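Novice: here is my input, please return the structure:
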Amino acid sequence: MREYRVLEMDSKELDRKVKVFIYLPKSYEQNDRFYPVLYMHDGQNLFDDDVAYKSSWKILEHMEDKEMPELMIIGINSTDSRSNELLPLTFDFDGETVGGDADKYYKFLISELKPMIDLRFRTFKSAKYTALMGSSFGGVSSLYAATRYSNFFSRFGCLSNAHHVLGEPFYDMIKDSDLSKVRKLYMDVGTKESSNGKISSSDYVKSNEKLYELLQEKLPEEDLLFAIIEGAKHDEDAWAKRFRDIVKFLFEVE
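Specialist: Here you go, the predicted model:
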């Protein structure tokens with residue numbers, strides 16, 4: 001079993017300490033090659049069940065698959081400020097305004113984290129070889145980044161997108177976006193995403209289908225993949241099962 005590294009850095013943009021989880025490809029120590037990079041939200045949930053919220057994506061096991069592309073994976077830990085940092089727009093949650101700090105989050109990622117990673121490790125620095133992935137609000141955030149930060153990322157994985165909380169303004173954001181620099185975009189939704197009663201699983205599916213229709217007008221068919229996952233719930237176990245196929249799509253040879 002391979003291991004992962006953990007670094008901690010002070011972020012001026014986020015005004016907090018950020019724990020960074022780092023996976024290096026198998027061959028990294030055996031050559032002087034440069035590698036593509038996948039940045040992922042909720043980094044504490046990626047590699048290790050012992051530090052994950054419930055269970056991990058089991059990415060270390062997935063990357064043992066010989067068919068997986070060799071790449072670095074960088075996980076950014078989330079805290080109680082997760083919803084604020086990941087979402088580009090605000091919404092009302094039980095009388096409290098939530099969200100709206102996504103640009104601060106991406107300023108951290110682009111001006112603080114990515115330069116540090118590119119300096120310390122042999123990475124391909126260009127957007128062509130840099131991807132971003134997340135689930136739930138992390139999926140929403142990754143899609144937002146596709147609309148605004150495609151000079152830095154060009155491949156996006158957006159799982160179980162919970163964009164319903166943002167309503168029509170988020171759809172308008174997609175409609176007005178220029179996605180011409182996006183190379184690959186994956187999105188999905190499970191048929192059993194919801195269990196809280198405030199939004200049904202069918203609402204999840206319908207809202208993601210609407211989002212997909214908008215994206216079809218923006219991206220070539222071969223660069224956009226949408227999947228409805230039968231029986232999939234809104235949790236790490238479900239996302240872990242999709243990880244390998246998503247990465248292979250995002251980094252397939254062009």
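
Novice: how many residues are close by the closest residue to L166 other than its chain neighbours?
Specialist: Leaving out its chain neighbours, the residue that sits closest to L166 by C-beta to C-beta, 6 or more residues apart in numbering is L89, at 4.8 Å. No exception for glycine: its C-beta is placed from N, CA and C like everyone else's. Residues within reach of L89, counting by other C-beta atoms under 10 Å, total 17.

Novice: the one 3 residues further on too?
Specialist: Other residues near D92 come to 10 when the count uses other C-beta under 10 Å.

Novice: name the element it belongs to?
Specialist: Applying DSSP states H and E as the criterion places D92 in strand 90-93.

Novice: for V20, same thing?
Specialist: Per DSSP H and E, V20 falls inside strand 16-23.

Novice: what's that strand in contact with?
Specialist: Contact with strand 16-23 is made by 2, 4-11, 43-44, 46-47, 59-60, 63, 72-77, 79, 81, 108, 113, 117, 121, as judged by C-beta atoms under 8 Å, 6 or more residues apart in numbering.

Novice: in strands only, show me those.
Specialist: Among these, DSSP state E puts R5, V6, L7, E8, M9, D10, S11, M72, I73, I74, G75, I76 in strands.

Novice: can you lay out the residues you listed as CSV showing distance to L224 and neighbour count?
Specialist: Converted to CSV, these look like this (distance: C-beta to C-beta, whole Å; neighbours: other C-beta atoms under 10 Å):
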residue, distance to L224, neighbour count
R5, 33, 11
V6, 34, 16
L7, 34, 14
E8, 36, 9
M9, 34, 13
D10, 38, 10
S11, 32, 18
M72, 25, 21
I73, 23, 26
I74, 24, 25
G75, 25, 25
I76, 25, 24
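
Novice: okay, the residues you listed in JSON lines with distance to K128 and pLDDT next?
Specialist: JSON lines is the format used below for the ones in strands among the contacts of strand 16-23 (distance: C-beta to C-beta, whole Å; pLDDT from 0 to 100):
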{"residue": "R5", "distance to K128": "25", "pLDDT": "97"}
{"residue": "V6", "distance to K128": "28", "pLDDT": "97"}
{"residue": "L7", "distance to K128": "25", "pLDDT": "97"}
{"residue": "E8", "distance to K128": "29", "pLDDT": "97"}
{"residue": "M9", "distance to K128": "26", "pLDDT": "98"}
{"residue": "D10", "distance to K128": "30", "pLDDT": "98"}
{"residue": "S11", "distance to K128": "26", "pLDDT": "98"}
{"residue": "M72", "distance to K128": "15", "pLDDT": "98"}
{"residue": "I73", "distance to K128": "17", "pLDDT": "98"}
{"residue": "I74", "distance to K128": "17", "pLDDT": "98"}
{"residue": "G75", "distance to K128": "22", "pLDDT": "98"}
{"residue": "I76", "distance to K128": "21", "pLDDT": "98"}
